[in-house]
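*Asks:* Build me a structure from this.
(one chain, ligands or ions: 1)
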Amino acid sequence: MSAASLGGRRIVVSAGPTYEDIDPVRFIGNRSSGKMGFAIAEAAARRGAQVVLVAGPVSLPTPSGLQRVDVRSARQMREAVIAQLPADVYIGAAAVADYAPAEIAPGKIKKKDERLTLALVRTPDILAEVAVHARRPTVVVGFAAETHDVEFYARGKLEKKKVDMIAANRVGVSGSGFESDDNALTVYWRDGERALGPAPKTALADELLDLILARWPA
Ligand code: PMT
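*Replies:* As a prediction, this is how the structure comes out:
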């Protein structure tokens, strides 16, 4: 495992899901455990970076040597991430909800009818906002969680969100993506790509950091 130093670099990592509240007892969420993002943050801190880990609701212990900011919703995650800029690197490993209820009901919604329709609105796209921010980090890395046509969608996100790298992983299969201890990534940038793994997320974290260092040396 490489241990090239990240001393002097400030790295912001987002991890975990976001929960978008429907009422005081229900929310819209997803299956992210936070393991991938926490592994990246932990590896970066171990290699000397000043790390801020913005974490959605997960049940993981805080890795040593970093600052952790806990959030719940996409809106809160956006505020926490933007507040941490400027930084040298932003890595968006969080599975941010794309839609949230248009309104949060103040009391528990009672079941009355056979069918209930929820109005949803788009959440802020944190990655895309960071990539065009006046205090844009030097390197902006996104993730892409895909069930099919991985390269097509990942390269689309690279272009549309104006990021420097996209680490794509397959979800919906065992041994990669959500919840698993292992993963396999294909990392895309404008004129290249690299397959990493399958391997434990802890090992992939170091390989991803090595790739970032190789392309953007200090
Ligand atoms: O947490 P684990 O259980 O370890 O699982 C890891 C993971 C599968 C969650 C992780 O490897 C991963 O793929 N994270 C991104 C999941 C995702 O939401 O992908 P996406 O293709 O929907 O989003 C693309 C990128 O835009 C991501 O960097 C995401 O953080 C970002 N985004 C998306 C929506 C939004 N409103 N704001 C964002 O910043």
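
*Asks:* Strands of the chain, start to end?
*Replies:* Counting by DSSP state E, the chain has these strands, from start to end: 10-15, 20-23, 26-28, 50-55, 67-70, 89-92, 99-101, 120-122, 139-146, 165-170, 182-189, 192-200.

*Asks:* Output these as a markdown table; include the columns distance to residue 44 and mean neighbour count.
*Replies:* Placement of C-beta: from N, CA and C, glycine included. Output for the strands of the chain, formatted as a markdown table (distance: least, CB to CB, whole Å; neighbours: other CB atoms under 10 Å):
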| stretch | distance to residue 44 | mean neighbour count |
| --- | --- | --- |
| strand 10-15 | 5 | 28 |
| strand 20-23 | 28 | 18 |
| strand 26-28 | 30 | 18 |
| strand 50-55 | 5 | 24 |
| strand 67-70 | 12 | 16 |
| strand 89-92 | 8 | 28 |
| strand 99-101 | 29 | 18 |
| strand 120-122 | 30 | 12 |
| strand 139-146 | 12 | 23 |
| strand 165-170 | 14 | 24 |
| strand 182-189 | 16 | 21 |
| strand 192-200 | 16 | 15 |
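
*Asks:* quick one, which of those is nearest to residue 155?
*Replies:* For the strands of the chain, proximity to residue 155 was assessed by CB to CB; strand 182-189 is nearest, at 5.7 Å.

*Asks:* what are the pairing partners of the closest one, and which direction each?
*Replies:* Strand pairing for strand 182-189, determined by DSSP bridges: strand 165-170 (antiparallel), strand 192-200 (antiparallel).

*Asks:* how about the top helix by length along the chain: buried residues?
*Replies:* When the chain is parsed with DSSP state H, its longest helix is helix 201-215. Buried residues in helix 201-215, counted by 16 or more other CB atoms under 10 Å: 201-213.

*Asks:* Spatially central residue for the protein, please.
*Replies:* The centre of the chain sits closest to residue 93, judged by CA atoms, centre = their mean, with a distance of 1.9 Å.

*Asks:* Would you enumerate the residues in contact with the nearest residue to it once chain neighbours are set aside?
*Replies:* Once flanking residues are discounted, residue 93 sits nearest to residue 37: 3.5 Å by CB to CB, 6 or more residues apart in numbering. Contact analysis of residue 37 by CB atoms under 8 Å, 6 or more residues apart in numbering lists 13, 14, 15, 16, 53, 55, 91, 93, 94.

*Asks:* I'd like to know how many residues surround residue 18.
*Replies:* The tally of other residues near residue 18 (other CB atoms under 10 Å) stands at 28.

*Asks:* right, and it touches residue 94 too?
*Replies:* Yes: counting by CB atoms under 8 Å, residue 18 sits close enough to residue 94 to count as a contact (7.0 Å).

*Asks:* Quickly list what's touching both of these two.
*Replies:* 56, 77.

*Asks:* Report whether stretch 168-176 contacts the ligand.
*Replies:* Yes: using CB under 6 Å from any ligand atom, stretch 168-176 reaches the ligand at 169, 171.

*Asks:* Quick check: residue 192 vs the ligand, distance?
*Replies:* Distance, residue 192 to the ligand, by CB to the nearest ligand atom, to the nearest Å: 19 Å.

*Asks:* Apologies, that question was intended for residue 49.
*Replies:* Taking CB to the nearest ligand atom as the measure, residue 49 falls 19 Å from the ligand.
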